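Visitor: Quick check, what structure comes out for this input:
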Amino acid sequence: MDQLALLFVILLAALVSVPVGEYFNLPAPVLMTVFGGVLAVLPFVPNVDIPPDLILPALLPPLLYAAVRRTSWRQFTANIRPIFLLAVALVFVTTLCVAAVAHAIVPGLPVAAAVALGALIAPPDPVAATAVAGQLGLPRRLVSILEGEGLFNDVTAIVLYHVAIAAAISGEFSPWEAGLDLVLSAVVAVVIGLVLGWGANKLMSLLGDATLQIGLTLLVPYASYVLAEELHGSGVLAVLTTALFLSEYATDADDVMTRLAGHTFWDIIDTLVTGVAFGLIGLELHNAVRTASGRWGELLGWAAAVAAVVILVRLLWLLPATWLTKRLHARRDIDEEIPVGWRETVVMWWSGMRGVASVALALAVPLTTEDGGPFPDRDIIVFIAFGVIIATLVLQGLTLPSLVRRLGVRADSEREKDFEKELAVRATKAARRKLREIEQVEDLPEELSEQMLRRAFDIGIRISPDMGEEERREAHEKRARRLKRVRQIQSEMMSAARHEVLAARSEPGADPEIVDRVLRHLDVRSLR
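Guide: Alright, predicted model coming up:
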């Protein structure tokens with residue numbers, strides 16, 4: 001099996017892991033990690049040969065962009081305090097604790113190398129967190145905090161990692177320069193993200209066509225990441241800024257086709273790239289086995305100790321941080337989403353899985369220092385990082401669903417239903433207002449006016465069936481049954497038309513381009 005064939009196997013597994021995970025109630029990223037580990041021990045499967053410096057820029061931009069599409073700027077600003085406590089403060093604390101323990105238990109491990117190890121395993125993976133949280137039906141406030149933490153903790157961790165690597169290579173470290181690098185990296189990233197977001201928004205309006213617009217959204221995250229890295233900014237933060245800008249300003253309410261096609265496109269990209277990323281984590285078992293040859297007991301002990309520190313520090317930090325957030329939340333009337341009760345705090349703690357960023361940073365540790373000597377204990381750092389990633393992904397990922405069930409943490413369905421009903425009412429009122437505006441300008445027949453008024457009510461009641469009085473709901477249900485039958489007949493008629501046009505594609509003299517154009521017209525009519 002060559003590497004191209006291996007890539008296709010992983011892509012296929014990424015698709016299959018979704019229904020398998022849903023059937024067994026297990027996160028698809030965890031299944032892909034296990035599958036990659038199984039492939040790694042098979043003798044006919046080759047070692048993955050991807051340059052380490054390409055892993056982050058190849059995988060992170062589309063994954064981050066897809067994740068940001070599920071959030072909003074308002075949601076981020078409303079949760080800035082819990083996100084800061086998790087994405088910045090907790091990353092610093094975890095890095096320092098891991099560095100202290102690693103420096104103490106691994107003989108001869110320099111402080112800078114220990115800090116690099118702490119930084120690369122400090123950030124929980126945003127892809128794993130959002131994928132797991134989305135499948136388990138957790139409360140929206142928890143999902144929001146986990147998404148925010150996952151999206152912004154990489155920024156802090158990667159800057160710390162680069163500072164520690166530079167110190168280990170050169171043997172010099174300046175706290176002031178490190179702090180200045182952190183600030184400048186953030187400023188450069190935000191500026192680039194905003195500029196590219198604004199430019200992409202303008203270009204989308206010029207392109208017009210849905211296919212071209214969606215293609216642009218695939219290029220923009222990569223451009224934002226690469227440009228920020230070239231200018232010594234944070235590529236991750238630049239992608240987040242660009243994506244937040246586009247999600248806020250590049251949405252046209254009337255551009256139905258682009259929105260539907262874009263949603264489907266990014267669901268596909270998210271599924272495939274996530275599968276590849278976590279499959280690569282499992283495939284790295286090759287290197288771990290080679291490193292541990294003859295030293296299994298010692299290296300596994302160190303990896304277990306560091307994994308225990310990572311998991312324990314998150315719990316010990318979350319307990320006071322959640323308490324502090326609740327106290328501050330009680331004093332100020334803001335729309336902030338915080339964990340409610342110890343059960344949700346425990347779920348947040350156990351959701352701190354490590355993943356793609358940690359693997360990429362571990363593999364990107366340089367082979368040599370400035371004086372030409374080997375990077376201190378590089379193989380040990382990579383093995384410990386790999387052990388922590390596997391322990392958190394497999395142990396926490398496989399047990400999180402049962403933990404959520406035991407604790408009874410579920411989404412607030414009543415609150416979600418109320419909000420859905422509120423949106424249905426607002427949509428109905430907006431439709432009625434527009435109808436009144438039209439009636440003031442045009443003299444509509446009374447029958448048409450009444451029909452349009454019923455259609456306006458139908459807009460809301462199709463969103464939320466609980467909306468309206470019992471009598472009107474019954475009338476709507478009667479019309480809905482009739483409409484359902486009409487649509488069934490229309491669907492069968494359109495199906496016959498599509499089959500006839502598609503059959504013409506194989507007829508002598510038929511122009512396939514014209515056939516496809518007519519077929520697309522029928523598809524759009526069917527969608528409407």
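Visitor: is it fair to say G108 lies in a helix?
Guide: No. When classified by DSSP: H, G, I helix; E, B strand; the rest coil, G108 is found to be coil rather than part of a helix.
Visitor: Which SSE is immediately downstream of the helix or strand bottoming out on mean pLDDT in the chain?
Guide: Least confident helix or strand, the chain: helix 126-136 with a mean of 63, by mean pLDDT, DSSP states H and E. Scanning forward in sequence from helix 126-136 by DSSP states H and E, the next helix or strand is helix 140-170.
Visitor: avg pLDDT for that following helix?
Guide: For helix 140-170, mean pLDDT rounds to 79.
Visitor: Please state the offset of that helix from the chain centre?
Guide: Distance of helix 140-170 from its chain centroid, counting by Cα atoms, centre = their mean, to the nearest Å, is 15 Å.
Visitor: ditto for stretch 318-330
Guide: Using Cα atoms, centre = their mean, the mean C-alpha position of stretch 318-330 is found 26 Å from that of the whole chain.
Visitor: just stretch 349-364 next, same as before
Guide: What separates the centre of stretch 349-364 from the centre of its chain is 14 Å, taken as Cα atoms, centre = their mean.
Visitor: First-to-last residue distance for it?
Guide: Terminal residues of stretch 349-364 are spaced 28 Å apart (Cα to Cα, to the nearest Å).
Visitor: same deal with stretch 69-88?
Guide: Stretch 69-88 end-to-end distance (Cα to Cα) = 22 Å.
Visitor: model confidence over it, on average?
Guide: On average, stretch 69-88 scores 73.
Visitor: tell me which residues of it are tucked away?
Guide: Burial within stretch 69-88, assessed by neighbour count using 16 or more other Cβ atoms under 10 Å, is assigned to 69, 71, 75-76, 78-79, 81-88. Where C-beta positions appear, they are placed from N, C-alpha and C, glycine not excepted.
Visitor: what two of those are the furthest from one another?
Guide: R69 and L85 (24.7 Å; Cβ to Cβ).
Visitor: before we move on, the earlier item: nearest to G199, of the buried residues of stretch 69-88?
Guide: Proximity of the buried residues of stretch 69-88 to G199 (Cβ to Cβ) peaks at R69, which lies at 18.8 Å.
Visitor: So the closest one sits against S247, correct?
Guide: Yes. If you go by Cβ atoms under 8 Å, R69 and S247 touch, sitting 6.0 Å apart.
Visitor: and the longest helix for the protein?
Guide: helix 296-331 (DSSP state H).
Visitor: now it against helix 140-170, angle please.
Guide: Here the directions of helix 296-331 and helix 140-170 differ by 130 degrees (axes from the mean of the first three to the mean of the last three Cα atoms, to 10 degrees).
Visitor: What about R455, how many residues nearby?
Guide: 11 (other Cβ atoms under 10 Å).
Visitor: er, R295 I mean
Guide: Around R295 there are 14 residues (other Cβ under 10 Å).
Visitor: Assess the claim that V425 and F457 are in contact.
Guide: No. Using Cβ under 8 Å, V425 makes no contact with F457, being 10.6 Å away.
Visitor: how does the protein divide into domains?
Guide: Domains of the chain are assigned by automatic domain parsing as 3-411, 412-468.
Visitor: From the chain's centre, how far out is the shortest one? Work that out for me.
Guide: It refers to domain 412-468. 34 Å.
Visitor: what mean pLDDT would you report for it?
Guide: 75.
Visitor: what's the answer for stretch 284-291, then?
Guide: Across stretch 284-291, pLDDT averages out at 73.
Visitor: Residues touching that stretch, excluding its own?
Guide: With contacts defined as Cβ atoms under 8 Å, 6 or more residues apart in numbering, stretch 284-291 is touched by 36-37, 40-41, 47-48, 299, 359, 363, 379-380, 382-383, 386-387.
Visitor: one more time with 7 Å
Guide: For stretch 284-291, contacts defined as Cβ atoms under 7 Å, 6 or more residues apart in numbering pick out G37, A40, V41, N47, V359, D379, V382, F383, F386.
Visitor: Phi first, then psi, for P374.
Guide: phi -70, psi 150 (degrees, to the nearest 10).
Visitor: how deep is it tucked in, by neighbour count?
Guide: Neighbour tally, P374, other Cβ under 10 Å: 11.
Visitor: Setting aside sequence neighbours, what's the nearest residue to it?
Guide: T368 (6.0 Å; Cβ to Cβ, 6 or more residues apart in numbering).
Visitor: From A116, how far off is that neighbour?
Guide: 15 Å (Cβ to Cβ, to the nearest Å).
Visitor: out of those two, which sits in the more crowded spot?
Guide: A count of neighbours by other Cβ under 10 Å puts A116 above the other of T368 and A116, at 33 against 11.
Visitor: what ranges do the helices span in the stretch 151-300 of the chain?
Guide: 175-207, 210-230, 235-249, 256-283, 285-291, 296-331 (DSSP state H, counting those that start in this stretch).
Visitor: what's the last one packed up against?
Guide: Okay, so that is helix 296-331. When contacts are defined as 3 or more Cβ pairs under 7 Å, 6 or more residues apart in numbering; DSSP states H and E, helix 296-331 packs onto helix 80-84, helix 90-105, helix 341-350, helix 378-390.
Visitor: ok, 6 Å please
Guide: helix 90-105, helix 341-350, helix 378-390 (3 or more Cβ pairs under 6 Å, 6 or more residues apart in numbering; DSSP states H and E).
Visitor: next one: the third one
Guide: The helices and strands touching helix 235-249, judged by 3+ Cβ pairs under 6 Å, 6+ apart, are helix 52-68, helix 140-170, helix 175-207, helix 210-230.
Visitor: Low-confidence stretches in the stretch 201-350 of the chain?
Guide: By pLDDT under 70, the weakly predicted segments of the stretch 201-350 of the chain are 250-256, 328-340.
Visitor: Apply 50 and report the result again.
Guide: Scanning the stretch 201-350 of the chain with the threshold set as pLDDT under 50 gives 333.
Visitor: picking up where we left off before, just name the most buried of the helices and strands packed on helix 296-331.
Guide: Highest mean neighbour count among these (mean count of other Cβ atoms under 10 Å): helix 378-390, with a mean of 23.
Visitor: Please find the angle between the direction vectors of it and helix 256-283.
Guide: 120 degrees.
Visitor: So what touches helix 378-390?
Guide: Residues outside helix 378-390 that contact it (Cβ atoms under 6 Å, 6 or more residues apart in numbering) are 117, 120-121, 284, 288, 291, 299, 302-303, 306-307, 310, 354, 358, 362, 365.
Visitor: Now whichever helix or strand comes after that helix: average pLDDT?
Guide: As assigned by DSSP H and E, the chain's next helix or strand after helix 378-390 is helix 397-407. Helix 397-407 comes out with an average pLDDT of 83.
Visitor: list the helices and strands helix 397-407 packs on?
Guide: Under the contact rule (3+ Cβ pairs under 6 Å, 6+ apart), helix 397-407 is packed against helix 126-136, helix 341-350.
Visitor: what's the last one packed up against?
Guide: The helices and strands touching helix 341-350, judged by 3+ Cβ pairs under 6 Å, 6+ apart, are helix 296-331, helix 397-407.
Visitor: now the angle from it to helix 296-331?
Guide: Going by the same axes, to 10 degrees, helix 341-350 makes 140 degrees with helix 296-331.
Visitor: Now tell me what touches helix 341-350 from outside.
Guide: Contacts of helix 341-350 (Cβ under 6 Å, 6+ apart): L142, R314, L315, L318, T322, P339, Q396, L400, L403, V404, L407, V409.
Visitor: and it, how far out from the chain's middle?
Guide: With Cα atoms, centre = their mean as the basis, the mean position of helix 341-350 lies at 21 Å from the chain mean.
Visitor: Backbone dihedrals for the closest residue to T94 other than its chain neighbours, please?
Guide: If the residues on either side of it in the chain are set aside, T94 comes closest to A122, at 4.1 Å by Cβ to Cβ, 6+ apart. Backbone torsions of A122, given as degrees, to the nearest 10, read phi -70, psi -40.
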